[in-house]
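Visitor: My questions are about this predicted structure, shown below with the sequence.
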Amino acid sequence: MVERKPSGPVITLLVGLATAIVLFVLGTNAATDELNSRKASATVAPTTSAPAPPATTTPAPPAKIRVAYAGRVDGGAASIAIALRDGAAIAYLCDGRRIEEWMIGTAADGKLSLSGDGAVLTGSYDKDSASGTVTAGNKNWTLDIPVARKPTGLYRSTADIRNARVVTGWIVLADGEQVGLSNTDGKLAPAPRLRLPSGSATVNGSRVTADAIDGASGAGF
């Protein structure tokens, strides 16, 4: 029996079929790789946003508190007046004879802190009263004084009289009593009567006009 060999066309057909199969497999693999690559690029790793910077707060400006207080220290040995204006404070302590102290400082968040030449006042305040302690020289007093209703309050005049600097302070109390001293270049004398509501007085033979230090007008601050 004679063995037959595949003819030329059949061989060609088989080779072409094998080549097509190989190309199909290669094309399928390439398409799969491209699809996987697209999926990988489409999957973006989640980003973590940077934490927001802490909020900054601007300190509130001092409250506009413009008020004055006046009264006697405990025991009545001296009187004191305090005026507040937008965070600043002025106080005058006087016994009308030989003790007087002008003090300046701060009034914030309900707290008072003032000092002068040998005097210190610390305390608190609200819309009705001021309280605390005051030290002058070697004496200590406590205070709890009400809001001053005009003409009650603190007054001060500064004038040059006969070539001397004269500073006079008055504390006008609710019952009409006036407590004050005139300081003429360091020499103290009882303050003359202050005429109200004009605020005039005669000091060392000269007429002066006192400013009301009540916090509202800004006088003295």
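Guide: On my side now, so go ahead.
Visitor: so where is the chain shaky, pLDDT-wise?
Guide: Along the chain, the model assigns pLDDT under 70 to residues 1-63.
Visitor: For it, which segments are assigned as helices?
Guide: 8-42 (DSSP state H).
Visitor: Please report how far residue 107 lies from residue 67.
Guide: 9 Å (Cβ to Cβ, to the nearest Å). Quick note: C-beta positions are derived from backbone N, CA and C, even for glycine.
Visitor: what do these two both touch?
Guide: Common neighbours of residue 107 and residue 67, counting by Cβ atoms under 8 Å, 6 or more residues apart in numbering, are residue 84.
Visitor: So between the two, which is more surrounded?
Guide: residue 107 (27 against 20; other Cβ atoms under 10 Å).
Visitor: Quick check, the more buried one in contact with residue 89.
Guide: Yes. Counting by Cβ atoms under 8 Å, residue 107 does reach residue 89; the two are 4.2 Å apart.
Visitor: Distance check, residue 183 against residue 166.
Guide: With Cβ to Cβ as the criterion, residue 183 and residue 166 are 7 Å apart.
Visitor: And residue 159, by the same measure?
Guide: 5 Å.
Visitor: can you list residues touching both of these two?
Guide: The contact lists of residue 159 and residue 166 share 203, 208, where a contact means Cβ under 8 Å, 6+ apart.
Visitor: Who has more neighbours out of these two?
Guide: Neighbour tally, residue 159 and residue 166, criterion other Cβ under 10 Å: the higher count belongs to residue 166, 20 against 17.
Visitor: can I assume the more buried one is in contact with residue 158?
Guide: Yes. Here residue 166 reaches residue 158: they are 7.4 Å apart, a contact under Cβ under 8 Å.
Visitor: Quickly list what residue 79 is bridged to.
Guide: When bridges are called by DSSP bridges, residue 79 pairs up with residue 72, residue 94.
Visitor: check contacts around it.
Guide: With contacts defined as Cβ under 8 Å, 6+ apart, residue 79 is in contact with 70-73, 93-96, 171, 173, 179.
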